[in-house]
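1. next input, structure requested:
(one chain, ligands or ions: 2)
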Amino acid sequence: MASSHPHSSEAIRGAKVLMVGAGGIGCELLKTLALSGFRDIHIIDMDTIEVSNLNRQFLFRQSHVGQSKAKVARDAVLKFRPHINIKPYHANVKDPEFDVDFFKQFNVVLNGLDNLDARRHVNRLCLAANVPLVESGTTGFLGQVTVHVKGKTECYECQPKPAPKTYPVCTITSTPSKFVHCIVWAKDLLFAKLFGDKNQDNDLNVRSSDAASSSENVEDVFVRRNDEDIEQYGRKIFDHVFGYNIELALSNEETWKNRNRPKPIYSKDVLSDELAKLNGNIDKNCAFDDEFSVSAMASLGMKNPQDIWSLKENSRIFLEALRLFFTQRGKDVGNLTFDKDDQLAVEFVTAAANIRAASFGIPLYSLFEAKGIAGNIVHAVATTNAVIAGLIVIETIKVLQNDIESYRMTYCLEHPSRKMLLMPVEPFEPNKSCYVCSETPLTLEINTKRSKLKDFVEKIVKAKLGMNLPLIMNSSNLLYEADAEDDMVAIYAANLEKVLAELPSPVTGGTMLRVEDMHQEFGCNVNIKHREEFDEEKEPDGMVLSGWTKHVSAPENKDKPAANNGASTSEASVPAAESDEVTIVSPSKKRKLTDDSGIPNAPAGEARNHQDELQVIDDEDDLVMLEGSMEGFKKRKLS
Ligand SMILES: Nc1ncnc2c1ncn2[C@@H]1O[C@H](COP(=O)(O)OP(=O)(O)OP(=O)(O)O)[C@@H](O)[C@H]1O
Ligand SMILES: [Zn+2]
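-> Numbers count the residues shown, from 1 in each chain. Ligands and ions are numbered 1, 2, ... in the order given. Presented below is the predicted three-dimensional model:
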């Protein structure tokens, strides 16, 4: 780790650093820190080791599966650097114990995280504690490292981050045109409906409940009666979702005027009765070691995850996976959420998505490909993580030396630009209108007569402002407090609704709300303005927050800013959603369709660069940088 600075080794030896995340980047980083001479390292990671981590998180071995990442990483590094201090915390960085005072003890904080939510939280604590932050992210071959020093460079939130990839609910429930729509339907609607929490809202029946006046009671279809034969139940579900619901959708002629009509698929048409019986019989000879090895593919003797199954094979997998969930993993049913590492769940979702795709004339995909789409997986490249970890340490040393002139944010590219794969750029000054690191008030346009406190808190305060434990004030009146007792919540809700309701319409001056998060020692002012109507397509929240800088996020999710925006460290979740999930926009009313799309696992779609500096052409599979874009790298002086 060469540095021209004479005191770098001193700076390293005396430094106390906090690493957040001990995953793909984190393992590389801890090793590089230790080998570079760092002697006091604290690590927070909330996860335990999974088998799927082992290919790149090289501090972990098979025998560590199930153990704390932070602790195992520490032990592994102490084997070759026994005399340094490494303190692990198996915990969520958002836990209250990691407050501003905790952050203040460190000289620098290094993020190796994989989600926007945690990154924003750490950014705010670093600002409040006045501790520099070195932020990083990787997605496949792409990566970046940025330096954030309060008052000197932009903070992590100075540039707005792109919104999570969302799909209009009607595209998902009624008019899929791409395989990803079928995956989202299979995963977030059907899987959730059959195996998830029954109390969760679910749009699966949007269409059929419209016609619930017909003989069938829709809710009953999905509930398995106690004495109901599992094969019969499986076929009933199959026929309902792939046959009956499609017929129902077809009855709405308007929808299909300019679209290809889907084809209803019934189990009897695809599977002969003999086959369906065989379906069940095979399994009886197939023993599973534990519940996580339960597999419909194994049960049916299908081996290659890269095969594209026929409609018949998908149907058999669908019925078999459903049967296995109820017979072998019955205790999970009702509590499951889709997990890309759950083989049976991936099999079920692949099969269901393929059957739906077949119905809508969309090409079918293999389990391997479907898993990538469902899990938003861009395959991790260990080398990218290693390069990024090295760059983090280089920036860390500069930060410790207070060598501001040398700070760089560095992009790791997939293809060379001007023969360079690493693109160093001078950091930007803080954005004067950043609501996080400056005092700029925000503006919220909202229908003050209709909007509810719950929506305001969930959609704006938590989702957009990233607050964990919010508190809302109007002058000196407390309107909302996150951890208030239930009865108080009702009073707060009434208060806010009263405040909103009393606003004259249209409000020109606005009403100021103060929103704070004590834990983050962060607060901002929100100027409420009344607006009557919202475009349900473009403004699905029914309220619009603005005021802190122009929007970077492109509607098609191209030219998405940097890798550390949302998802990503290794095996990054592409659509950069906070929960790393593709979500469905559920409109209050039916909306006009658009074909938004973009394939979520296409690495090319993930051009992760500062939009202002890097122009990127999303050319299906290639990230191409325009030569002229180098102009954007011109110096911007730091204060
Ligand atoms: N709020 C948080 N608090 C503490 N650790 C977190 C938090 N959010 C994410 N992490 C950790 O950040 C690390 C990110 O690493 P990485 O991107 O390699 O993900 P992974 O979970 O190890 O792998 P994959 O998601 O690809 O299976 C994970 O170990 C995860 O536990
Ligand atoms: Zn900022």
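2. and stretch 73-82, how far from the chain's centre?
-> 31 Å (CA atoms, centre = their mean, to the nearest Å).
3. equivalent analysis for stretch 515-527, please.
-> On CA atoms, centre = their mean, the centre of stretch 515-527 falls 24 Å from that of its chain.
4. phi, psi of D40?
-> Main-chain dihedrals, D40, degrees, to the nearest 10: phi -140, psi 100.
5. please apply the same query to V109.
-> According to degrees, to the nearest 10, V109 has phi -120, psi 140.
6. gap between it and D239?
-> 55 Å (CB to CB, to the nearest Å). Just so you know, the C-beta spots here come from the backbone N, C-alpha and C atoms, and that holds for glycine as well.
7. compare these two (neighbour count), which wins?
-> V109 (26 against 18; other CB atoms under 10 Å).
8. quick check: bridge partners of the more buried one?
-> Following DSSP bridges, V109 is listed with bridge partners L18, L133.
9. which residues sit in contact with it?
-> V109 sits next to V17, L18, M19, V20, F103, V122, C126, V131, P132, L133, V134 when contact means CB atoms under 8 Å, 6 or more residues apart in numbering.
10. the fourth one touches L110, doesn't it?
-> Yes - if you go by CB atoms under 8 Å, V20 and L110 touch, sitting 7.1 Å apart.
11. more neighbours: the two, which one.
-> Higher neighbour count among V20 and L110: L110, with 30 against 26, using other CB under 10 Å.
12. in the stretch 151-300 of the chain, what residue lies closest to ligand 1?
-> For the stretch 151-300 of the chain and ligand 1, the shortest gap (CB to the nearest ligand atom) falls at Y156, measuring 14.4 Å.
13. show me which residues of the stretch 151-300 of the chain sit near ligand 1.
-> For the stretch 151-300 of the chain, the contact set with ligand 1 under CB under 6 Å from any ligand atom is empty.
14. this structure - how does it break down into domains?
-> 1-162+378-438+548-633, 179-361, 442-546 (automatic domain parsing).
15. deepest-packed of those domains, please.
-> domain 1-162+378-438+548-633 (a mean of 20; mean count of other CB atoms under 10 Å).
16. in terms of pLDDT, where does the residue of the stretch 1-150 of the chain found nearest ligand 1 sit?
-> Taking CB to the nearest ligand atom, ligand 1 has its nearest neighbour within the stretch 1-150 of the chain at G23, 1.9 Å off. Note for G23: predicted pLDDT of 96.
17. distance check, it against A76.
-> In terms of CB to CB, G23 sits 14 Å off from A76.
18. try N226
-> Distance, N226 to A76, by CB to CB: 50 Å.
19. can you give me every residue that contacts S438?
-> Contacts of S438 by CB under 8 Å, 6+ apart are P430, N431, K432.
20. before we move on, the earlier item: tabulate the contacts of V109 in a markdown table, adding columns for distance to ligand 1 and pLDDT.
-> Output for those, formatted as a markdown table (distance: CB to the nearest ligand atom, whole Å; pLDDT from 0 to 100):
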| residue | distance to ligand 1 | pLDDT |
| --- | --- | --- |
| V17 | 16 | 98 |
| L18 | 11 | 98 |
| M19 | 10 | 98 |
| V20 | 6 | 98 |
| F103 | 14 | 98 |
| V122 | 9 | 98 |
| C126 | 15 | 98 |
| V131 | 17 | 98 |
| P132 | 19 | 98 |
| L133 | 15 | 98 |
| V134 | 15 | 98 |
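21. how about those residues in a markdown table, adding distance to L54?
-> Output for the contacts of V109, formatted as a markdown table (distance: CB to CB, whole Å):
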| residue | distance to L54 |
| --- | --- |
| V17 | 26 |
| L18 | 25 |
| M19 | 20 |
| V20 | 22 |
| F103 | 31 |
| V122 | 26 |
| C126 | 31 |
| V131 | 33 |
| P132 | 32 |
| L133 | 29 |
| V134 | 26 |
